[in-house]
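**Student:** generate coordinates for the sequence data below:
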Amino acid sequence: MVLENSKRVKVFSVFSMLLICSFLGALFALFLRTFIINEDRGPAVEFIILGSLTGFIIPLSFHLLSPVISAIKKMPLWVSFFIQPAFFSFIIGVEYGIIIFLTFRPDNFLKNSFLIETILFSLTISFFVTFFDNLNRLVGKKVLRGLMVGTYHQPVLEERYIMFLDIAGSTSIAEKIGDLKFHSLLNNFFCDITKPIIDNYGDIYKYVGDEVIITWQFLKNTQKHSPVDAYISIYSAIEARKDYYEKAYGFVPSFKAGLHYGKVIVGEMGSYKQEIALLGDAMNTASRIQGACKPSGTNFLLSRDAINALQMHYDHEKRREFMSMGNIELRGKENALELFTIQML
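**Tutor:** Residues are numbered from 1 along each chain as shown. Here you go, the predicted structure:
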């Protein structure tokens, strides 16, 4: 069910992007025809149709070429910074050239088609888009936005869902397959769980060894995708890749997660390697809940605070069955907490 929701979100986002790009292409064509091209080149409606068609086809082709783009992003950073914009500009130039040739068939093609100007413009835009996309990948979209806007220049008190998730038995796994191969395993695992997290509106706060810390701020437009949905999506994503893990490492990694909801202090930290840090008892509690998974014999534990917030924020969580694991002593906590788990289908 969760994966189906994620697919619907993906289809909707792609379709919306195509419509927006088509509309922007039409506006750009109208601007060129009205203010740039003085001589008679045909009715303005032809330019609008051409711009709309170009705006629709180019992003569609990029979506279809996403495996190639993903492969470029896995290469050294300089390749992504410089080769990717050149690749984008080449594709745009070829597609624009074909479209303009088939529709207007200009006499002096290079001069009258604006092909050179289009490629140079595309190269400039692609460079800036790629630059900020790489910054997002390096520090995280929300972190970059927070640092640029200054949202957390002064510490802010926020309520968030916090999930600590790590690979079970990582020490013995590292000893068995070696450190280099273990690093490869971690990288594969973290890459595979990124999409389920993002699809369910989670924010990857930090990687700590074999552990990833994920947080959520509840927003009304995210109320169909809860942190529990994210956990189930992560589970399904790793299951879908089990053949790969069996072949590459000889086993499928299992993982354990703890979810809590509470108040955290969010603020900028440091000057040289600046980051947005999350501090507070809620962070410690979420970590301790995750640590209680192994002695409790389960892979996923939630606090009562997390369940109350889930049922308040997400309508479908009111219908989910949460099973009590009883009051459990958590390391470093004075009082035991009642923890819950869910039934995985």
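**Student:** low-confidence regions, the stretch 101-250 of the chain specifically.
**Tutor:** 104, 106, 109-113, 135-150 (pLDDT under 70).
**Student:** can you pull out the helices in it?
**Tutor:** For the stretch 101-250 of the chain, applying DSSP state H, counting those that start in this stretch gives helices covering 109-112, 115-139, 141-149, 170-177, 179-199, 227-240, 242-249.
**Student:** most packed of the ones you listed?
**Tutor:** Of all those, helix 227-240 carries the top mean neighbour count, a mean of 21, counting by mean count of other C-beta atoms under 10 Å. All C-beta spots, glycine's among them, are computed from the backbone N, C-alpha and C.
**Student:** contact partners for residue 311?
**Tutor:** Residue 311 makes contact with 317-318 under the criterion C-beta atoms under 8 Å, 6 or more residues apart in numbering.
**Student:** please report how far it lies from residue 205.
**Tutor:** Here residue 311 is placed at a distance of 24 Å from residue 205 (C-beta to C-beta, to the nearest Å).
**Student:** bridging residues for residue 255?
**Tutor:** Assessed by DSSP bridges, residue 255 has beta-bridge partners residue 167.
**Student:** from residue 132, how far out is it?
**Tutor:** Residue 255 sits 31 Å away from residue 132, taking C-beta to C-beta as the criterion.
**Student:** please apply the same query to residue 268.
**Tutor:** For residue 268, the distance to residue 132 - C-beta to C-beta - is 19 Å.
**Student:** next: residue 81.
**Tutor:** Per C-beta to C-beta, residue 81 is found 11 Å from residue 132.
**Student:** so what's the residue count around residue 342?
**Tutor:** 18 (other C-beta atoms under 10 Å).
**Student:** give the contact list for it.
**Tutor:** Contacts for residue 342 were tallied using C-beta under 8 Å, 6+ apart; they are 228, 300, 302, 320-323.
**Student:** ok, residue 293 - contacts?
**Tutor:** Listed by C-beta under 8 Å, 6+ apart, the contact set of residue 293 reads 256-258, 299-301.
**Student:** what's the answer for residue 245, then?
**Tutor:** 185, 188, 238, 251-253.
**Student:** which of the contacts of residue 342 lies closest to residue 174?
**Tutor:** Using C-beta to C-beta, residue 300 comes nearest to residue 174 of the contacts of residue 342, at 23.3 Å.
**Student:** tally of neighbours for residue 332?
**Tutor:** If you count neighbours by other C-beta under 10 Å, residue 332 ends up with 9.
**Student:** my guess is it contacts residue 285. True?
**Tutor:** No. Look at residue 332 against residue 285 with C-beta atoms under 8 Å: they stay out of range, at 9.2 Å.
**Student:** before we move on, the earlier item: any chance of the helices of the stretch 101-250 of the chain in CSV with distance to residue 70 as columns?
**Tutor:** Shown next, in CSV, are the helices of the stretch 101-250 of the chain (distance: least, C-beta to C-beta, whole Å):
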stretch, distance to residue 70
helix 109-112, 33
helix 115-139, 12
helix 141-149, 17
helix 170-177, 25
helix 179-199, 10
helix 227-240, 15
helix 242-249, 15
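**Student:** could you export the strand or helix carrying residue 95 as CSV, CA atoms only?
**Tutor:** The secondary structure element spanning residue 95 is helix 84-103 (assigned by DSSP states H and E). Taking C-alpha atoms only, helix 84-103 is exported to CSV below (Å, rounded to 0.1, in the frame of the first residue of the first chain):
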residue,chain,number,x,y,z
GLN,A,84,26.6,16.6,-16.3
PRO,A,85,25.8,20.2,-17.4
ALA,A,86,27.6,19.4,-20.8
PHE,A,87,25.5,16.2,-21.1
PHE,A,88,22.3,18.2,-20.3
SER,A,89,23.1,20.9,-22.8
PHE,A,90,23.9,18.3,-25.5
ILE,A,91,20.6,16.6,-25.1
ILE,A,92,18.7,19.9,-25.1
GLY,A,93,20.6,21.1,-28.2
VAL,A,94,19.9,17.9,-30.1
GLU,A,95,16.2,17.8,-29.2
TYR,A,96,15.6,21.5,-29.8
GLY,A,97,17.5,21.3,-33.1
ILE,A,98,15.3,18.4,-34.3
ILE,A,99,12.1,20.1,-33.2
ILE,A,100,12.9,23.4,-34.8
PHE,A,101,14.1,21.7,-38.0
LEU,A,102,10.9,19.6,-38.3
THR,A,103,8.6,22.6,-37.6
